[in-house]
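Visitor: how would this look folded up:
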Amino acid sequence: MKKILIALGFTIAAMSAQAALVFNPIGTTIATNQYNDILDLNAGAQFQYGTLSADAGDVLVFTNLIGDVEAGFTNLFINESQVFSNKVGDNTSFTYTALTSGALNFQFKSQGGFIDNNGSQNIAVLSNVAGFADQFLLLLDDSFASHMDFDDHAVGVSAVPVPAALPLLASALGAFGIARRRNKAKAAK
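Guide: Here you go, the predicted model:
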């Protein structure tokens, strides 16, 4: 029984350390423009919007994907001190460690005066998109001329997975340390 409990403890420790992004949908909006230049979607495509969250200590990678953006405005993606522009730096990225658990603190800022925070209905959040495996896509509609096309800026967000063996190894070393301490205490009696 003791061995089963120890194995269960190692399994729980290994599972609990996995970095993960969580998307909490708030609603759905429809792209009414002729098409989306980034994903080549037809008019009327539906997009979900909501908040993207992570746990404290999760390591995330943000990637600027400007490809075929059609925005006339210069739009900025801002995450604390890191900034991407929709006009320069295709596929540039930065790594960020979440300091607290909960909704990520990012925003898109448009030259047109718009500021859209995490959870805004002007930011479509997509997952499982072909060519962008294991990441969320944040697609901005900067609301210029009410196009609702969600192709004015694109940023990819992915979590860096913690190797499953790492927490398992740490747990095993801790268990060996406890066993060694107990053996020393028994030998001293």
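Visitor: C-alpha only now, for contacts and for neighbours.
Guide: Will do.
Visitor: what pLDDT does Ser171 get?
Guide: On pLDDT, Ser171 comes in at 67.
Visitor: Hmm, I typed the wrong one, I wanted His147.
Guide: 69.
Visitor: when you give positions from now on, start the count at 27
Guide: Renumbered: residue one is now 27, and that last one reads His173.
Visitor: any low-confidence regions in the chain?
Guide: For the chain, applying pLDDT under 70 flags the ranges 27-45, 93-94, 170-173, 188-203, 205, 215.
Visitor: Can you show me the strands along it?
Guide: 48-56, 61-62, 67-68, 72-80, 85-90, 101-105, 108-111, 119-123, 128-129, 132-136, 141-143, 149-152, 162-166, 179-185 (DSSP state E).
Visitor: Check which helices and strands the fifth one is in contact with.
Guide: So the one you mean is strand 85-90. strand 119-123, strand 179-185 (3 or more C-alpha pairs under 8 Å, 6 or more residues apart in numbering; DSSP states H and E).
Visitor: Would you mind writing the CA trace of stretch 160-177 as PDB?
Guide: This file holds the C-alpha atoms of stretch 160-177, laid out as PDB (Å, rounded to 0.1, in the frame of the first residue of the first chain):
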ATOM      1  CA  ASP A 160      -0.200  23.900 -29.900                       C
ATOM      2  CA  GLN A 161      -0.800  27.600 -29.800                       C
ATOM      3  CA  PHE A 162      -3.600  30.100 -29.600                       C
ATOM      4  CA  LEU A 163      -4.000  32.800 -32.200                       C
ATOM      5  CA  LEU A 164      -5.000  36.200 -31.200                       C
ATOM      6  CA  LEU A 165      -6.500  38.100 -34.200                       C
ATOM      7  CA  LEU A 166      -7.300  41.800 -33.900                       C
ATOM      8  CA  ASP A 167     -10.000  43.700 -35.600                       C
ATOM      9  CA  ASP A 168      -9.000  47.400 -35.100                       C
ATOM     10  CA  SER A 169     -12.600  48.500 -35.900                       C
ATOM     11  CA  PHE A 170     -11.500  50.800 -38.700                       C
ATOM     12  CA  ALA A 171     -14.500  51.400 -41.000                       C
ATOM     13  CA  SER A 172     -16.400  48.600 -39.100                       C
ATOM     14  CA  HIS A 173     -14.900  45.800 -41.300                       C
ATOM     15  CA  MET A 174     -15.000  43.200 -38.500                       C
ATOM     16  CA  ASP A 175     -12.400  41.100 -40.400                       C
ATOM     17  CA  PHE A 176     -10.000  40.200 -37.600                       C
ATOM     18  CA  ASP A 177      -6.900  40.500 -39.800                       C
END
